[in-house]
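Asks: What would the 3D arrangement of this be:
(one chain, ligands or ions: 1)
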Amino acid sequence: MLLSINSSIAQSDDVTYIKAGRLFDSENEKILSNFIIKIERNRITEVGKNISIPTDAKIIDLSGFTVMPGLIDGHTHLMTLDDFNNDQPMADKLLFEGDALRVLRGSKRAKSWLENGFTTVRDLGDSGPFLDVALKRAINEGTVVGPRMFVSGPIIISEGGQVAGLMNKYRDVISDEYTIVRSVDDAINAVRVHVNNGADIIKICANNSPNNTSLTIDEMNAIVKMAHRYDKKVTAHATNDLAVWEAVTAGVDGIEHGYQISDTTLTFMAKKGVVLVPTDISEPLFHKLYDIIDFEWDREKNMKRAKDRYKDRLQRAIKAGVTIVTGSDNYLNFEMPQGEAAKNILVAYQEEGMKPLQILSSSTYLSAKFMDKENELGIIKKGAFADIIAVKGDIDNDFSNTIFNVVFVMKNGEIYVEK
Ligand SMILES: [Zn+2]
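Replies: Take a look at the predicted model:
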């Protein structure tokens with residue numbers, strides 16, 4: 001082992017300067033021009049216009065591009081990929097795929113998120129018995145390549161989970177995929193089990209489909225109290241107004257999906273600072289879906305009906321003052337790299353009336369803030385992790401093409417994409 005490393009050489013090797021032609025200020029939703037970012041090891045140590053760069057310094061010239069914090073996908077299921085034409089995807093996963101193959105496949109998907117500019121994901125269940133924790137460890141130690149992961153472990157849910165039609169005598173298999181709660185005491189212990197197993201966030205189902213069962217407000221409240229005791233956020237799958245209202249009453253921090261929410265409930269969410277993660281589908285993905293399932297009947301009308309509902313709910317949420325956080329919920333096989341399909345969530349928000357910089361803020365700063373990480377993630381400032389991407393094109397006037405044109409991805413100071 002070589003111990004006589006010259007410390008000054010070692011230090012200068014660890015310093016990189018990025019020249020950013022345009023720089024997205026995620027906290028203030030502004031584009032700045034001609035900034036320099038100084039990076040030492042895995043952290044940003046200086047950001048400004050007048051930073052002097054030593055002549056022998058390592059420089060990454062991104063002056064022709066828009067530089068921004070790495071994107072955050074707030075709702076993923078890396079360990080799941082269902083085919084549209086498969087009637088029993090859950091049975092395939094639980095009975096035939098097995099944990100080893102499942103996590104290997106998940107690791108390939110993780111890489112595609114990173115390559116598409118998502119340097120962080122929140123993985124919210126559908127990941128077997130804490131396979132998400134295993135993948136996160138493998139990524140953090142460098143065994144496989146992927147984004148930073150904040151993981152929930154199994155979804156905490158009422159009897160039956162999201163598995164429909166299973167014979168009761170086989171119901172034990174469901175506990176490989178979900179943490180089933182049958183009482184307030186179960187709810188309390190579920191959080192302990194999750195924390196012990198390495199969960200970063202708690203994911204619950206306030207309502208459930210296709211099984212039409214739900215947790216009670218008391219059970220959800222017990223989960224929230226316990227999770228907050230351990231400094232963990234709780235986010236709830238909730239698709240209709242009653243489920244959202246009950247989850248917010250129980251004290252959750254985030255609502256996933258929220259397809260139907262009344263103005264009264266949105267006001268309640270805003271008052272309690274509960275974020276909304278709208279997992280909407282973009283028009284290009286709708287068309288892709290129709291192609292895959294061979295759906296020809298009145299496509300436009302069918303799509304418009306869904307998009308109008310998404311848009312109405314998103315606009316009312318913004319008007320009520322609810323914070324919007326990006327989440328793709330991409331677990332379906334759109335016959336393209338999963339990270340690319342996930343990127344479509346940004347397109348969906350634009351179709352529904354959000355402005356490009358608003359969308360990027362929801363995908364960076366606001367998402368990090370939801371996790372109390374806004375000084376380290378989703379932001380380019382002194383002290384933050386060096387999670388930095390660059391895109392080629394015009395963010396303001398050609399958003400939907402530009403965000404797919406990722407030319408540079410750095411995570412934790414390491415470069416993964418450089419075109
Ligand atoms: Zn989901």
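
Asks: for Leu366, phi and psi?
Replies: Dihedral angles phi and psi of Leu366 (degrees, to the nearest 10) take the values phi -70, psi -30.

Asks: Can you report how many residues lie near it?
Replies: Using other CB atoms under 10 Å, Leu366 has 23 neighbouring residues. Using the backbone N, CA and C atoms, a C-beta is placed for each residue, glycine as well.

Asks: Below-threshold pLDDT in the protein: ranges please.
Replies: Along the chain, segments meeting pLDDT under 70 span 1-13.

Asks: Excluding its own residues, what touches stretch 185-204? List them.
Replies: With contacts defined as CB atoms under 8 Å, 6 or more residues apart in numbering, stretch 185-204 is touched by 122, 124-125, 130, 133, 136-137, 150-157, 179-181, 215, 219-220, 222-223, 226-227, 230, 232-237, 247, 252, 256, 371.

Asks: how about the strands of the stretch 251-400 of the chain, start to end?
Replies: Here the stretch 251-400 of the chain has its strands, by DSSP state E, counting those that start in this stretch, at 254-257, 275-277, 388-391.

Asks: strands paired with the last one, and their directions?
Replies: The one in question is strand 388-391. According to DSSP bridges, strand 388-391 has the following sheet partners: strand 58-69 (antiparallel), strand 406-411 (antiparallel).

Asks: Please indicate which of the ones you listed has the most neighbours on average?
Replies: Of the strands paired with strand 388-391, the one with the most neighbours on average (mean count of other CB atoms under 10 Å) is strand 406-411, at a mean of 22.

Asks: tell me which residues of the helix ranked longest in the chain are tucked away?
Replies: The longest helix of the chain (DSSP state H) is helix 299-320. For helix 299-320, a neighbour-count test (16 or more other CB atoms under 10 Å) marks Met303, Lys307, Tyr310, Lys311, Arg313, Leu314, Ala317, Ile318, Ala320 as buried.

Asks: ok, so of these, who is nearest Tyr365?
Replies: Ile318 (16.0 Å; CB to CB).

Asks: contacting residues for that closest one?
Replies: Contacts of Ile318 (CB under 8 Å, 6+ apart): Ile324, Met354.

Asks: likewise Ile380?
Replies: Leu23, Phe24, Asp25, Ser26, Ile37, Ile44, Val47, Val67, Met68, Pro69, Ile388.

Asks: Try it again at 6 Å.
Replies: The contact partners of Ile380, by CB atoms under 6 Å, 6 or more residues apart in numbering, come to Val47, Pro69.

Asks: now do Lys19
Replies: Applying CB under 6 Å, 6+ apart, we find Lys19 in contact with Ile36, Asp61, Ser63.

Asks: Need the phi and psi values for it.
Replies: phi -90, psi 120.

Asks: how close does it sit to Asp387?
Replies: Distance from Lys19 to Asp387, counting by CB to CB, to the nearest Å: 18 Å.

Asks: One more: Lys169?
Replies: 48 Å.

Asks: Tell me which of the two has more neighbours.
Replies: A direct count of neighbours by other CB under 10 Å for Lys169 and Asp387 places Asp387 higher, at 30 against 6.

Asks: just to revisit the earlier point, distance between the longest helix of the chain and the chain's centre?
Replies: How far helix 299-320 lies from its chain's middle: 21 Å, per CA atoms, centre = their mean, to the nearest Å.

Asks: ok, now stretch 91-102?
Replies: With CA atoms, centre = their mean, you get 23 Å for stretch 91-102.

Asks: Next: stretch 122-130.
Replies: Stretch 122-130 has its average C-alpha position 12 Å from the chain's average C-alpha position, going by CA atoms, centre = their mean.

Asks: just stretch 388-406 next, same as before
Replies: Mean-position distance between stretch 388-406 and its chain equals 19 Å (CA atoms, centre = their mean).

Asks: on that earlier part again, alpha carbons only: can I get the longest helix of the chain in PDB?
Replies: What follows is helix 299-320, C-alpha atoms only, in PDB (Å, rounded to 0.1, in the frame of the first residue of the first chain):
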ATOM      1  CA  ARG A 299     -58.600   7.400 -28.600                       C
ATOM      2  CA  GLU A 300     -58.700  11.200 -28.500                       C
ATOM      3  CA  LYS A 301     -61.900  11.300 -26.600                       C
ATOM      4  CA  ASN A 302     -60.700   8.700 -24.100                       C
ATOM      5  CA  MET A 303     -57.400  10.500 -23.500                       C
ATOM      6  CA  LYS A 304     -59.000  14.000 -23.300                       C
ATOM      7  CA  ARG A 305     -61.400  12.800 -20.600                       C
ATOM      8  CA  ALA A 306     -58.500  11.700 -18.500                       C
ATOM      9  CA  LYS A 307     -56.300  14.700 -19.200                       C
ATOM     10  CA  ASP A 308     -59.100  17.100 -18.500                       C
ATOM     11  CA  ARG A 309     -59.600  15.500 -15.100                       C
ATOM     12  CA  TYR A 310     -55.800  15.600 -14.300                       C
ATOM     13  CA  LYS A 311     -55.600  19.200 -15.400                       C
ATOM     14  CA  ASP A 312     -58.600  20.400 -13.400                       C
ATOM     15  CA  ARG A 313     -57.300  18.800 -10.200                       C
ATOM     16  CA  LEU A 314     -53.700  20.000 -10.700                       C
ATOM     17  CA  GLN A 315     -54.800  23.600 -11.400                       C
ATOM     18  CA  ARG A 316     -57.200  23.600  -8.400                       C
ATOM     19  CA  ALA A 317     -54.400  22.200  -6.200                       C
ATOM     20  CA  ILE A 318     -51.900  24.900  -7.300                       C
ATOM     21  CA  LYS A 319     -54.600  27.600  -6.800                       C
ATOM     22  CA  ALA A 320     -55.300  26.300  -3.300                       C
END
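
Asks: For Ile281, grab the count of nearby residues.
Replies: If you count neighbours by other CB under 10 Å, Ile281 ends up with 23.

Asks: for Pro54, that is, sorry about that
Replies: For Pro54, the neighbour count with other CB under 10 Å is 10.

Asks: try Leu94
Replies: Per other CB under 10 Å, the neighbour tally for Leu94 reads 20.

Asks: Specify the local secondary structure of it.
Replies: With DSSP: H, G, I helix; E, B strand; the rest coil as the basis, Leu94 sits in helix.

Asks: Contacts only, for it.
Replies: Contacts of Leu94 by CB under 6 Å, 6+ apart are Val173, Asp176, Glu177.
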